[in-house]
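[1] have a look at this prediction, sequence included:
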Amino acid sequence: MSRFLACRLQNLIFTLAFISQKSVLFMEYNFTEIEKKWQARWAKEKPFKADNNSVKPKYYVLDMFPYPSGAGLHVGHPLGYIASDIMARYKRHKGFNVLHPMGYDSFGLPAEQYAIQTGQHPAITTEQNIARYREQLDNIGFSFDWDREVRTSDPEYYKWTQWVFIQLFNSWYNKKSNKAEELSTLVSDFEKNGNSVIEAVCDENTKIFSASEWKSFSEKEKSDVLMYYRIAYLGEAYVNWCPALGTVLANDEVKDGVSERGGHPVERKLMKQWSMRIIAYAQRLLDGLDKIDWPESLKESQRYWIEKSEGTSLKFKIENSGDVIEVFTTRPDTVFGVSFVTLAPEHELVEKITTATQKKEVDEYVIKSTNRSERERQAEVNKVSGVFTGAHVIHPFSGKQIPVWVGDYVLAGYGTGAVMAVPGHDSRDYAFAKQFNLPIPEVVKGGDLSKESYDAKEGKLVNSDFLNGLEVKAAIKKAIEEIEKKNLGKGKTNYRLRDAVFGRQRYWGEPIPVFYKNGIPHTLPENELPLVLPEVDKFLPTEDGEPPLARAKNWKYKGEYDYELTTMPGWAGSSWYFLRYMDANNPKEFADRKLTDYWQNVDLYIGGSEHATGHLLYVRFWTMFLFDRGYISVEEPAKKLINQGMIQGTSAMVHRVSDSNKIVSAGLKKNYETTAIHVDVNLVENNIVNIEELKKWRDDFKDSEFELEDGKLVASSAVEKMSKRWYNVVTPDLICEKFGADTLRLYEMFLGPLEQSKPWNTNGITGVAGFLKKLWRLFYNGGSFNISNEEPTKAELKTLHKTIKKITEDIERFSFNTSVSNFMICVNELTEQKCSKRAILEPLVILVSPYAPHISEELWEQLGYKDSIATAPFPVLNSSYLVEDSFVYPVSFNGKTRLSIELPASLTVQEIEKEIMNNVEVKKQLNGVSPKKLIVVPKRIVNIVV
């Protein structure tokens, strides 16, 4: 044989061996190769790309995009992503043009803190973290349109965040038209009429001026006046200042008086800050909640956060002073029940009116109180504290002298920062009065003030001068009339919602596109955006307390004017990102109006409830603003919102005997005094610890003595938050490697209802993995791909269409966990029926596809299709296959079931009776005895009374 022929033969043998190996590979369900294959195909062929010019109906499904942390994803993170992906795939099957994008909320404090510790630029850390996230997301097989990816830290993205800021800066809120308008219209009104007839949402301290006065103002004076009206404005505000982090934190970033990130102390501080006049939208934000399909608990959180109050302002003159304390009250009917006035510790008058004898005590109290967050002070209803200022006010009607106190239950950010305390009819005032032995007068009949305050808004007024004898509702109206008549105040609507502090004293955020010329803030021309973050030598504030951007060398506008040194908050980029996905690569505008009109808003938004009063409030605010200014056609960002539950960790603990190096199995710990020690859950399977791996994991276990049960070290378990601290983090990588991504997807859904929290436990995952193998074997029967074109039986058609009905209903009501159970039932029935028919299995693959896309794509290809299964039409239910032809009747004798008889479902009662009485088994049971009564309930039971 020539060398040439020998080489050809060798190559042929190798090729045949490879083909044989490959066919064997796919005869068995090899999820590793299948998933790798289809992820590569999807990346290349892009079957999930949304079409901006489609005649199909649109469906926009969105996940709250993640902050890319260094730890990557754990198995709890993909829960919502899997649910949204099922819906996206399902809607494609149903003929929709689906937009299902993903991006990264990539500005954030963790990357900056890491930069401070290591010196590594946050951009580098963020890029590395995004690469890790992308790898994990790809491995799970999500059908994202990656061509639309956004990153909030990308200058080409935050260019448009800065653009939105400029629109907010150049807008005011017109109460007459009830919307935001271009600032030039306000200036035009000032030039014609001054501001006396302007109805605007503005600073309460805005002074009235005429048109001639406006024209006489200097440029700086005009700028200052306009700042009282701008929606994005520079003003003084109480903020949550965190000295350790060197920045201002949002309310939702503060927990129990410390920063959520790092647990550093937070204090309340009055600072000049950029803010957003979200209060202008308070009523619309409330009203809009009735028009969107969001969880009621989340809507209630927003209602509470905004909290509308109808009442009046009321002024109390300070004794021996020209100053007044103004309060806002919803209960002016109780004005004669005021026995003291309480100021918030931050109130500007506290220092001014406190007497010399009380100064030391008041100063100490103010310092202590202002170091606690407003949330903490609101939450601690049972903790009563306060101090007397030594000052008094004069009651506006009775002329009585009333003491002025300072109490931290009063918040500077709500109302006027002062309350007229009516302890007889307000529970917090009552607790304060009891604590400090202050009078508790009764002015509304109906309660027992010796036991508690009477807060109900019903009853007759007493001890109240001109209000005596009136019911509460009438008394409120009468009191407001008298207050306005005496010029003591004015009826008004108030909201708990405060303007949102916008500036942050940190580096890693969007630069605010503002420069200062002669002390006047100016926004950059739009054609000069983006204003890019400058390089700095360190990411810390400067030695004299300036924000990190002050470290940038020669960073000035046109080399001359100082830039704003604070950056935008974490919520800025996420407040409009759903719009950028519609036109993610547009360099000329934030999104083409034709595309925002087509995609409108999100049809399904999935994310955590922890964003209720943060992101989900701000994104509604910015959406309404952009609608007002004519840039988009919708007022709400999302029609439907689902809050997915949390997947909690199942921690594992071993038990060390006190004062020894002995580890005992969980069942033996009762014999000793032990300490529980958390161990890595990846060393534990079905509560059994791998002792050799445990020894390698930590040195303190290396030389331990182990007392076992039946030769095994059994761990205890507990459900806790999934956290590195408890060593209970399970990564999706591990599950995908061991069981496959389709198993992970199905199992996360199988754990329970999407909205509920549930513990992660891999003990049940083998059942889901087994289901996929069983599904595979329906197609690979007898060692090869074996599909027949025979007509299906009635039983097979019934199984299929029963499943179509249930899966469709499950998906439409977001009951993804029950779908998995229904798939299992279906595959079990088809296995028993030995079904291998194309007419049954082909629709089944499409049904399974949204949940387990990799195996579905592979089987679809094996069925002979070249295109992706992604857009294959969803199977249509034929209800006629679900009609029962027969019914199995349980037959009872004197109430006890003895046998079952299958009869045609169409029989009448008389026909059923005849069939029953002629049945051989029934005759045996009767043994010649005539029944006293025969009870037939069609399609239910037969009962024979003898």
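    Happy to help now that I have it. Residues are numbered from 1 along each chain as shown.
[2] pretty sure His392 contacts Trp405?
    No: here His392 lies out of contact with Trp405, judged by C-beta atoms under 8 Å, at a distance of 10.6 Å. Placement of C-beta: from N, CA and C, glycine included.
[3] mutual contacts of those two, please.
    Residues touching both His392 and Trp405 (C-beta atoms under 8 Å, 6 or more residues apart in numbering): there are none.
[4] let me know the pLDDT of Asp659.
    At Asp659, the model reports a pLDDT of 88.
[5] three-state assignment of it?
    coil (DSSP: H, G, I helix; E, B strand; the rest coil).
[6] what about it, how many residues nearby?
    For Asp659, the count of nearby residues is 8 (other C-beta atoms under 10 Å).
[7] quick check: it vs Thr675, distance?
    Distance of Asp659 to Thr675, computed by C-beta to C-beta, to the nearest Å: 10 Å.
[8] and if you look at Val888?
    Separation of Val888 from Thr675 (C-beta to C-beta) stands at 59 Å.
[9] ditto for Lys159
    Going from Lys159 to Thr675 by C-beta to C-beta gives 56 Å.
[10] so for those two, which residue has more residues nearby?
    Taking neighbours as other C-beta under 10 Å, Lys159 and Thr675 compare with Lys159 leading, 18 against 13.
[11] which other helices and strands does whichever helix or strand the more buried one is part of contact?
    Using DSSP states H and E, Lys159 falls within helix 155-169. Here helix 155-169 touches strand 232-242, strand 520-523, helix 615-628, going by 3 or more C-beta pairs under 8 Å, 6 or more residues apart in numbering; DSSP states H and E.
[12] can you give me the buried ones in the first one?
    Judged by neighbour count (16 or more other C-beta atoms under 10 Å), strand 232-242 contains these buried residues: 232-234, 237-242.
[13] about what we covered before: adding distance to Asn494 and mean pLDDT, write the helices and strands packed on helix 155-169 out as TSV.
    Shown next, in TSV, are those (distance: least, C-beta to C-beta, whole Å; pLDDT from 0 to 100):
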stretch	distance to Asn494	mean pLDDT
strand 232-242	17	84
strand 520-523	29	97
helix 615-628	18	97
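[14] now do the helices in the stretch 501-650 of the chain.
    With DSSP state H, counting those that start in this stretch, the ranges of helices along the stretch 501-650 of the chain come out as 577-580, 593-599, 615-628.
[15] show residues contacting the longest one.
    What that stands for is helix 615-628. With C-beta under 8 Å, 6+ apart as the test, helix 615-628 has contacts from 64, 164, 167-168, 171, 179-181, 231, 276, 278, 281, 284-285, 288, 298, 302, 305, 500, 571, 574-576, 578-579, 601, 632-637, 641.
[16] one more: the shortest one?
    For helix 577-580, the surrounding residues in contact (C-beta under 8 Å, 6+ apart) are 60, 62, 65, 103, 105, 150, 152, 157, 160, 590-591, 596, 601-602, 605, 619, 626, 632, 637-638.
[17] so which residue is dead centre in this structure?
    Gly608 (2.5 Å; C-alpha atoms, centre = their mean).
[18] before we move on, back to that, the helices of the stretch 501-650 of the chain: which one's closest to Met271?
    Met271 sits nearest to helix 615-628 of all these, at 20.2 Å, using C-beta to C-beta.
[19] run the chain-centre distance for that closest one.
    Taking the mean of its C-alpha atoms, helix 615-628 sits 16 Å from the chain's own mean (C-alpha atoms, centre = their mean, to the nearest Å).
[20] list the buried residues of it.
    Buried residues in helix 615-628, counted by 16+ other C-beta under 10 Å: 615-628.
[21] got the angle for that helix vs strand 232-242?
    170 degrees (axes from the mean of the first three to the mean of the last three C-alpha atoms, to 10 degrees).
[22] kindly export helix 615-628 (C-alpha atoms) in PDB.
    These are the backbone C-alpha positions of helix 615-628, laid out as PDB (Å, rounded to 0.1, in the frame of the first residue of the first chain):
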ATOM      1  CA  HIS A 615     -35.200  54.000  41.500                       C
ATOM      2  CA  LEU A 616     -38.800  53.300  40.900                       C
ATOM      3  CA  LEU A 617     -39.900  56.700  42.100                       C
ATOM      4  CA  TYR A 618     -37.100  58.600  40.300                       C
ATOM      5  CA  VAL A 619     -37.700  56.800  36.900                       C
ATOM      6  CA  ARG A 620     -41.400  57.700  37.100                       C
ATOM      7  CA  PHE A 621     -40.400  61.400  37.800                       C
ATOM      8  CA  TRP A 622     -38.000  61.600  34.900                       C
ATOM      9  CA  THR A 623     -40.500  59.900  32.600                       C
ATOM     10  CA  MET A 624     -43.200  62.300  33.500                       C
ATOM     11  CA  PHE A 625     -40.800  65.200  32.900                       C
ATOM     12  CA  LEU A 626     -39.700  64.000  29.500                       C
ATOM     13  CA  PHE A 627     -43.400  63.500  28.600                       C
ATOM     14  CA  ASP A 628     -44.100  67.100  29.700                       C
END
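[23] quick check: angle from it to helix 155-169?
    Interaxial angle of helix 615-628 relative to helix 155-169 (the same axes, to 10 degrees): 70 degrees.
[24] identify the residues contacting stretch 683-702?
    Identification of contacts with stretch 683-702 by C-beta under 8 Å, 6+ apart yields 652, 654, 661, 663, 666, 679-680, 704, 706, 712-715, 717, 762-763.
[25] now do it: distance from first to last residue.
    Stretch 683-702 has an end-to-end distance of 14 Å (C-alpha to C-alpha, to the nearest Å).
[26] and if you look at stretch 871-882?
    27 Å.
[27] what does it contact?
    Contacts of stretch 871-882 (C-beta under 8 Å, 6+ apart): 47, 90, 92-95, 794, 797-798, 800-802, 804-805, 808, 843, 846-847, 849, 860, 865.
[28] could you rerun that using 6 Å?
    Applying C-beta atoms under 6 Å, 6 or more residues apart in numbering, the external contacts of stretch 871-882 come out as 92-94, 797-798, 801, 804-805, 843, 846.
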